[in-house]
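build the 3D model from these lines:
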Amino acid sequence: QVQLVESGGGLVQAGGSLRLSCAASGRTFSTYTMGWFRQAPGKEREFVAVIGDMVLRTYYADFVKGRFTISRDNAKNTVYLQMNSLKPDDTAVYYCAANQHWAVHPWAYDYWGQGTQVTVSS
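The predicted model follows:
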């Protein structure tokens, strides 16, 4: 069982930056693939970024490549999403999720945080 708690969301102007954090409970955090997803009002939850467990392979949705960076600190049981050059279209609730296999689809993830709101003003 893994419990996830996101933080770091907020209101930012277009072009600004935010760093999201996701703190995980449990002693096996390093064995989980961690993903970030987002959901805007009226839209389906969509993949943003994923980072593997020990190998630390990363993969991004096309719309965030070059702007967002996913990273993790296994010693702190935390995964991060650094978001730069934010756009109003990035406005959404951002969720982190954990899974024991590499995946980019939300339905493949077993554990979810409660989400953190990111609002980007124009």
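
residue closest to the middle of the protein?
Nearest to the geometric centre of the chain sits residue 36, at 2.4 Å (Cα atoms, centre = their mean).

helix or strand: which one has that residue?
Per DSSP states H and E: residue 36 is located in strand 33-39.

and that strand, what's buried?
For strand 33-39, burial by neighbour count (16 or more other Cβ atoms under 10 Å) applies to 33-38. C-beta here means a position set from N, CA and C on the backbone, and glycine is covered the same way.

and it, what's its mean pLDDT?
Averaging pLDDT along strand 33-39 gives 98.

do the same with stretch 99-117
The predicted model assigns stretch 99-117 a mean pLDDT of 96.

now stretch 71-79
For stretch 71-79, mean pLDDT rounds to 95.

any idea how far apart the tips of that stretch sit?
Stretch 71-79 has its terminal residues 6 Å apart, counting by Cα to Cα, to the nearest Å.

pull the residues that contact that stretch.
With contacts defined as Cβ atoms under 8 Å, 6 or more residues apart in numbering, stretch 71-79 is touched by 21-26, 29-30, 34, 36, 51, 56, 70, 80, 82, 96.

just the residues you listed: which has the poorest pLDDT?
On pLDDT alone, residue 56 ranks lowest of these, at 76.

just to be sure, that residue is in a helix?
No. Counting by DSSP: H, G, I helix; E, B strand; the rest coil, residue 56 is not part of a helix but coil.

how close does the residue nearest to residue 40 when sequence neighbours are not counted sit to residue 2?
What sits nearest to residue 40 in space, not counting adjacent residues and going by Cβ to Cβ, 6 or more residues apart in numbering, is residue 92, at 4.2 Å. Residue 92 is 23 Å from residue 2, where distance means Cβ to Cβ, to the nearest Å.

residue 22 now?
Distance, residue 22 to residue 2, using Cβ to Cβ: 11 Å.

before we move on, what about residue 33?
Residue 33 sits 11 Å away from residue 2, going by Cβ to Cβ.

list residues touching both of those two?
Common neighbours of residue 33 and residue 2 (criterion: Cβ under 8 Å, 6+ apart): residue 98.

got a pLDDT number for the residue of the chain most remote from its centre?
What lies farthest from the middle of the chain is residue 122; by Cα atoms, centre = their mean that is 22.5 Å. As predicted, residue 122 sits at a pLDDT of 94.
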